[in-house]
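**Q** Can you look at this prediction? I've put the sequence above it.
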Amino acid sequence: MKIAVIGTGYVGLVTGTCLAETGNDVICVDINAQKIEKMQQGELPIYEPGLELLFHRNILQKRIQFTTDLLSAVQHAEIIFMALPTPPGADGAADLSYILGAAKDIALLVTGYKVIVNKSTVPVGTADKVKAVFKSITTVEVDVISNPEFLREGVAVEDFMKPDRVVIGTSSERAKKMMSELYAPYVRQGNPVIFMDERSAELTKYAANSFLATKITFMNEIANLCELVGADVDAIRRGIGTDERIGKRFLFPGIGYGGSCFPKDVQALVKSADEHEYHFEILKSVITVNEKQKVILADKLLQYYKNDISGKHFALWGLSFKPETDDIREAPALYLIETLLKKGASISVFDPEGQENVKAIFNDRISYAEDQYAVLESADALLIATEWSLFRNPDFEKMENLLKEKVIFDGRNLFDLEKMTELGYYYNSIGRKLISQVQTQTTHQSLAKTI
């Protein structure tokens, strides 16, 4: 099929590339000429495991192309995906200006039937607003449908190629037939394509992300309580995760959720509820708790140093909001860094993929290391904000020789408590027993001299 994807951000680029992979003829459009030029030259603008191979293969096979020419894309396509940003406004409501602006531009160019697909996460009623734009500009028949994405950064290619479900909101039989044909290669194993009305499809995406954010936040609350009562959150996680009504996923406590979806989607759903005079109390609490959880490592740090970290130097492992992505949007690490800088500390950071994006925010206010060990040099303590795999089994002996003190504040519970006890670290994690038998480098050196 002939496809146009308007917007080459994270969702648009993954969508376009994966659609091309099953033989569709795809044109991706963006107003950023520099970005388009780089993609035309084979340069992938985002980090996403598995995407680079498909990206280059489909460019080589000429199944995907990139342009700033909206007219050629609209004339080319049977189905037009709008994968545009819907950032939160000051009041938390989703900003639809990109969506409605693109709808107006497309409406001015259509000359025949098209299926217009809202791929972006949008509030309930957006499809109706887009339809109204087309009706105000053209008499050409179009169907505007909702097809929310459920891509997890880090495994987005797998999620698109093998979705656990596809949700499509449309009342048009013609559009339903075309979308069924388009998605048929992706659901050959029997996972469902779920058709519903447009408003239900729009709300489904918000409901899914808000539920997951609530699940994460609930476990963070349980973890915080565990520290006060002497319970172990890992044991509790296993104890409730085996209940099939609850499930094992999204039960790992940490320093809060971030990224491009959960924060803005929860806010947008709360705002949408407010507009209909419904007070979504659970989600309002989720937002409040998550804001506090983002800086819980700073609270632990300040308690350890008796509220004075002026002149202290800390190493930070992890900047992206989750592993296997370079996305730092709403990443807890950013809030942690800002809090510590305001308290007078200095910080060195390392992340396998997110450092360049962080440099654009903090510039020379912090320092950047070339690897996970270089960042530890002369640091008073190590903080862990992202659970990258390479952090899970480090060389603790090497770490001991680099850190001033054997002190770790772990926001992702990477290490075994018994091992940290044996190694003699002060180890403060989330919802678990505090390991406080720290032995400083000075102590080690004194013992060596005595011997």
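**A** Structure's in. What do you need? Note that the structure is predicted; figures quoted are calculated from it, not measured.

**Q** Now the terminal residues of stretch 267-286, how far apart.
**A** Taking CA to CA, to the nearest Å, stretch 267-286 runs 10 Å from one end to the other.

**Q** Please point out which parts of it sit buried.
**A** Across stretch 267-286, burial judged by 16 or more other CB atoms under 10 Å covers 267-273, 280, 283, 286. C-betas here are computed from N, CA, C, even on glycine.

**Q** Show me the two of those that sit farthest apart.
**A** Ser272 and Val286 (15.0 Å; CB to CB).

**Q** that's a strand at Ile194, yeah?
**A** Yes - under DSSP: H, G, I helix; E, B strand; the rest coil, Ile194 falls within a strand.

**Q** per-residue confidence for the nearest residue to it once chain neighbours are set aside?
**A** Sequence neighbours aside, Val167 is the residue nearest to Ile194 in space, at 5.2 Å (criterion: CB to CB, 6 or more residues apart in numbering). Looking at Val167, its pLDDT is 98.

**Q** Just the ones of the buried residues of stretch 267-286 in helices?
**A** 267-273, 283, 286 (DSSP state H).

**Q** Export those residues as JSON lines, with columns for pLDDT.
**A** Formatted as JSON lines, those follow (pLDDT from 0 to 100):
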{"residue": "Gln267", "pLDDT": "94"}
{"residue": "Ala268", "pLDDT": "92"}
{"residue": "Leu269", "pLDDT": "95"}
{"residue": "Val270", "pLDDT": "95"}
{"residue": "Lys271", "pLDDT": "93"}
{"residue": "Ser272", "pLDDT": "92"}
{"residue": "Ala273", "pLDDT": "94"}
{"residue": "Leu283", "pLDDT": "97"}
{"residue": "Val286", "pLDDT": "97"}
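
**Q** before we move on, the earlier item: and the buried residues of stretch 267-286, which is closest to Glu21?
**A** Among those, and counting by CB to CB, the member closest to Glu21 is Ala268, at 30.8 Å.

**Q** The closest residue to that closest one other than its chain neighbours - how many residues pack around it?
**A** Nearest-residue entry for Ala268: Ala94, 4.4 Å, with adjacent residues in sequence omitted and distances by CB to CB, 6+ apart. Counted with other CB atoms under 10 Å, residues neighbouring Ala94 total 24.

**Q** Which residues are in contact with Ala94?
**A** 86-88, 121-123, 264, 268, 271 (CB atoms under 8 Å, 6 or more residues apart in numbering).

**Q** repeat for Val193
**A** With the criterion set at CB under 8 Å, 6+ apart, Val193 makes contact with 165-166, 168, 179-180, 183, 187.

**Q** Mind doing that once more with 7 Å?
**A** Each residue near Val193 by CB atoms under 7 Å, 6 or more residues apart in numbering is listed here: 166, 168, 180, 183, 187.

**Q** what's the pLDDT at it?
**A** 96.

**Q** before we move on, the earlier item: and the buried residues of stretch 267-286 as a markdown table, adding distance to Ala213?
**A** Listed next are these as a markdown table, based on distance: CB to CB, whole Å:
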| residue | distance to Ala213 |
| --- | --- |
| Gln267 | 10 |
| Ala268 | 12 |
| Leu269 | 10 |
| Val270 | 11 |
| Lys271 | 15 |
| Ser272 | 15 |
| Ala273 | 15 |
| Phe280 | 12 |
| Leu283 | 8 |
| Val286 | 6 |
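
**Q** Output the below-cut-off pLDDT ranges for the stretch 351-451 of the chain.
**A** 437-451 (pLDDT under 70).

**Q** could you pull out the helices for it?
**A** 355-362, 396-402, 417-423, 441-450 (DSSP state H, counting those that start in this stretch).

**Q** cool, the stretch 51-200 of the chain as well?
**A** 51-60, 70-76, 97-107, 126-137, 156-161, 173-183, 198-229.

**Q** Just the CA atoms of the shortest one, as CSV, please.
**A** Read it as helix 156-161. Taking Å, rounded to 0.1, in the frame of the first residue of the first chain, the C-alpha atoms of helix 156-161 are listed here in CSV:
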residue,chain,number,x,y,z
ALA,A,156,9.6,-0.4,19.7
VAL,A,157,10.5,-2.4,16.6
GLU,A,158,9.4,-5.6,18.2
ASP,A,159,6.2,-4.0,19.5
PHE,A,160,5.3,-2.8,16.0
MET,A,161,6.3,-5.9,14.1
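
**Q** Please work out the average pLDDT along it.
**A** 96.

**Q** in that helix, what's buried?
**A** Quick answer for helix 156-161 (16+ other CB under 10 Å): 156-157, 159-160.

**Q** Farthest pair within those residues?
**A** In those, the most distant members under the criterion CB to CB are Val157 and Asp159, with 7.2 Å between them.

**Q** The closest residue in space to Phe391 that isn't next to it in sequence - how many residues pack around it?
**A** Among residues not flanking Phe391 along the chain, Trp317 sits closest, at 5.3 Å (CB to CB, 6+ apart). Neighbours of Trp317 under the rule other CB under 10 Å: 28.

**Q** Kindly state the beta-bridge partners for Trp317.
**A** With DSSP bridges as the criterion, Trp317 is bridged to Phe350, Ile384.

**Q** The residue nearest the centre of the chain: what's it in contact with?
**A** In the chain, the centroid-proximal residue (CA atoms, centre = their mean) is Gly259; its distance is 3.3 Å. By CB under 7 Å, 6+ apart, the residues touching Gly259 are 153, 321-322, 327, 329-330.

**Q** about what we covered before: JSON lines for the ones in helices among the buried residues of stretch 267-286, including distance to Leu403?
**A** Converted to JSON lines, those look like this (distance: CB to CB, whole Å):
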{"residue": "Gln267", "distance to Leu403": "38"}
{"residue": "Ala268", "distance to Leu403": "42"}
{"residue": "Leu269", "distance to Leu403": "43"}
{"residue": "Val270", "distance to Leu403": "42"}
{"residue": "Lys271", "distance to Leu403": "45"}
{"residue": "Ser272", "distance to Leu403": "48"}
{"residue": "Ala273", "distance to Leu403": "47"}
{"residue": "Leu283", "distance to Leu403": "40"}
{"residue": "Val286", "distance to Leu403": "35"}
